[in-house]
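no letters, just coordinates:
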């Protein structure tokens, strides 16, 4: 059995501005770096067998903070990247509402029908993050494993491990910056223990 600590990256400049990032990137803010430092301190006594991270700059930087000087093996996993929003990247929801209202409605209210031209469906995201977790479970047979990824990727992952239909994609809490979502995995069976916890910021 492994215990996975799923971490959302710290606050970025686009997070602060309310802009969608997807596969695009923006740097951690001063507050984002503070979140990561506090998270590193909180997890400093928890032993980890390995660390898996999306290769985006914001997740790599968050992972580096958590790892610190510890010799934890690091693996960069493409399938842990955020959903590819293509033309929405860098836009606010208000801006999207003006130019792409119908597609935004599907994204928010009928996620199983969301099929953006040139972008990535939520079905595809769920498939790939699920495959990433299955590979991690195969590679790491026991112990604690850190996984650093993104908000929509984490919500897709929760949808995957709960075996929910895609229409229930958004039936989870928002995932806070630098938060910890924890679940146990063994032989393809999953037990969710905590979602979007931020005890390090209390």
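Here it is on my side, so go on. It should be emphasised that the depicted structure is a prediction, and the values quoted were computed from it without experimental measurement.

the helices in this protein, which residues?
Using DSSP state H, the helices of the chain run over 13-17, 30-42, 57-67, 93-99, 101-109, 122-139, 151-161.

residues in contact with the residue nearest to the spatial centre of the chain?
The chain has residue 150 as the residue nearest its centroid, 2.6 Å off, counting by CA atoms, centre = their mean. Contacts for residue 150 (CB atoms under 8 Å, 6 or more residues apart in numbering) come out as 8, 9, 21, 54, 56, 59, 80, 81, 82, 83. The way it works is simple: take the backbone N, C-alpha and C, and place the C-beta from them, glycine included.

one more time with 7 Å, if that's ok
By CB atoms under 7 Å, 6 or more residues apart in numbering, the contact list for residue 150 reads 8, 9, 54, 59, 82.

ok, residue 75 next?
Counting by CB under 7 Å, 6+ apart, residue 75 touches 50, 52.

if it is in a bridge, with which residues?
Here residue 75 sits in beta bridges with residue 52, going by DSSP bridges.

per-residue confidence for it?
Residue 75 is assigned a pLDDT of 97 by the prediction.

ok, it to residue 128 distance?
Residue 75 sits 15 Å away from residue 128, going by CB to CB, to the nearest Å.

for the residue nearest to the centre of the chain, phi and psi?
phi -130, psi 170 (degrees, to the nearest 10).

for this structure, longest strand please?
strand 189-197 (DSSP state E).

partner strands of that one, parallel or antiparallel?
According to DSSP bridges, strand 189-197 forms sheet pairs with strand 180-186 (antiparallel).

in the partner strand, which residues are buried?
Across strand 180-186, burial judged by 16 or more other CB atoms under 10 Å covers 180, 181, 183, 185.

and of those, the nearest to residue 197?
Proximity of the buried residues of strand 180-186 to residue 197 (CB to CB) peaks at residue 180, which lies at 4.8 Å.

how much space separates that closest one from residue 42?
8 Å.

ok, back up a step: and among the helices of the chain, the most buried is which?
helix 151-161 (a mean of 24; mean count of other CB atoms under 10 Å).

one step back: export the buried residues of strand 180-186 to a markdown table and tack on distance to residue 139?
Converted to a markdown table, the buried residues of strand 180-186 look like this (distance: CB to CB, whole Å):
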| residue | distance to residue 139 |
| --- | --- |
| 180 | 21 |
| 181 | 20 |
| 183 | 17 |
| 185 | 12 |
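
residue 191: what's it in contact with?
Taking CB under 7 Å, 6+ apart as the test, what residue 191 contacts is 183, 184.

how close does it get to residue 182?
9 Å.

what about the closest residue in space to residue 86 that isn't next to it in sequence, neighbour count?
Distances taken as CB to CB, 6 or more residues apart in numbering place residue 119 nearest to residue 86, at 3.6 Å, with adjacent residues excluded. By other CB atoms under 10 Å, the residues close to residue 119 number 19.

could you measure residue 119 against residue 42, distance?
Using CB to CB, residue 119 is found at 35 Å from residue 42.

do residue 124 as well
33 Å.

kindly report the same for residue 141.
Residue 141 is 26 Å from residue 42, by CB to CB.
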